[in-house]
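# Below are the sequence and a predicted model for it; my questions follow.
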Amino acid sequence: MNKNAIIFHGTGGRPDVCWYAWLGKRLESRGYDVTIPHYPDINVEPIESFLPKVLSNHIFDERTVLVGHSGGAALLLSILQHINVVVAQAILVAGYATLPNTDPEPVLQQRYDWDKIKTHVRDLYFVNSTNDPYGCDDKQGRLMFDHLGGTQIIRNDGHFGSPGQPYPTFELLDGLIG
């Protein structure tokens, strides 16, 4: 059975922007089956109707690594709450669990079952910046860390890729994934 990785882009993103494809190629060279799906409705469609589509499109097992950026990281919280297996690793980059700014965030659930989320992942990382321009900052990372444990990494790297912030590679993530 092969290791697999699923990399979820953020709100308004695509699989071919910032570091997603670069990380995918790095993981493939290490024997991972990599999926970088395009979900244009991420953080547009309410999570209650969007999540079942995502869950039905992917297979999650004990060799799965999940990586999510921004809205994709928020999506990982819901995925982890609603799967019935323990995945190997989840890395939430510029993730958030509450409104990070004044914009609506349909990707967020009203409440999270933190205990359930915690039981569905072996190795959990939160990578946030002190200077994230969208509010997906170190405070958001700390809030999730306080509920879930794992490892929090705080940088000063903005949003780790967004319009106006090219971020073509992400060596830190490559090094975190086993």
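Okay, I see it. Numbering: from 1, shown residues only.
# alpha carbons only for contacts and neighbour counts from here, please
OK.
# Could you pull up the contacting residues of the residue positioned nearest the centre of the chain?
Nearest residue to the geometric centre of the chain (Cα atoms, centre = their mean): residue 68, 1.8 Å. For residue 68, the contact set (Cα atoms under 8 Å, 6 or more residues apart in numbering) comprises 7-10, 74-76, 90-93, 95.
# Mind doing that once more with 10 Å?
6-10, 20, 74-77, 90-95 (Cα atoms under 10 Å, 6 or more residues apart in numbering).
# Those residues: which two are farthest apart?
20 and 77 (19.2 Å; Cα to Cα).
# which SS class is residue 91?
strand (DSSP: H, G, I helix; E, B strand; the rest coil).
# got a pLDDT number for it?
Each residue has a pLDDT score; the one for residue 91 is 98.
# For it, give the beta-bridge partners.
residue 67, residue 125 (DSSP bridges).
# does it really touch residue 75, like I thought?
No - using Cα atoms under 10 Å, residue 91 is not in contact with residue 75, being 11.5 Å away.
# show me where the protein has strands.
Secondary structure of the chain (DSSP state E): strands at 4-8, 33-35, 64-69, 87-93, 121-129, 151-155.
# Save those as a markdown table, and put in distance to residue 46 too.
Compiled in a markdown table, the strands of the chain are given as follows (distance: least, Cα to Cα, whole Å):
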| stretch | distance to residue 46 |
| --- | --- |
| strand 4-8 | 17 |
| strand 33-35 | 23 |
| strand 64-69 | 18 |
| strand 87-93 | 20 |
| strand 121-129 | 24 |
| strand 151-155 | 28 |
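# Tell me where this structure has helices.
Applying DSSP state H to the chain gives helices spanning 20-29, 47-57, 71-82, 114-119, 138-148, 171-176.
# Indicate which one of the ones you listed is closest to residue 105.
Per Cα to Cα, nearest to residue 105 of these: helix 71-82, 8.3 Å.
# now the angle between strand 64-69 and the closest one, please.
Put simply, helix 71-82 runs at 140 degrees to strand 64-69, going by axes from the mean of the first three to the mean of the last three Cα atoms, to 10 degrees.
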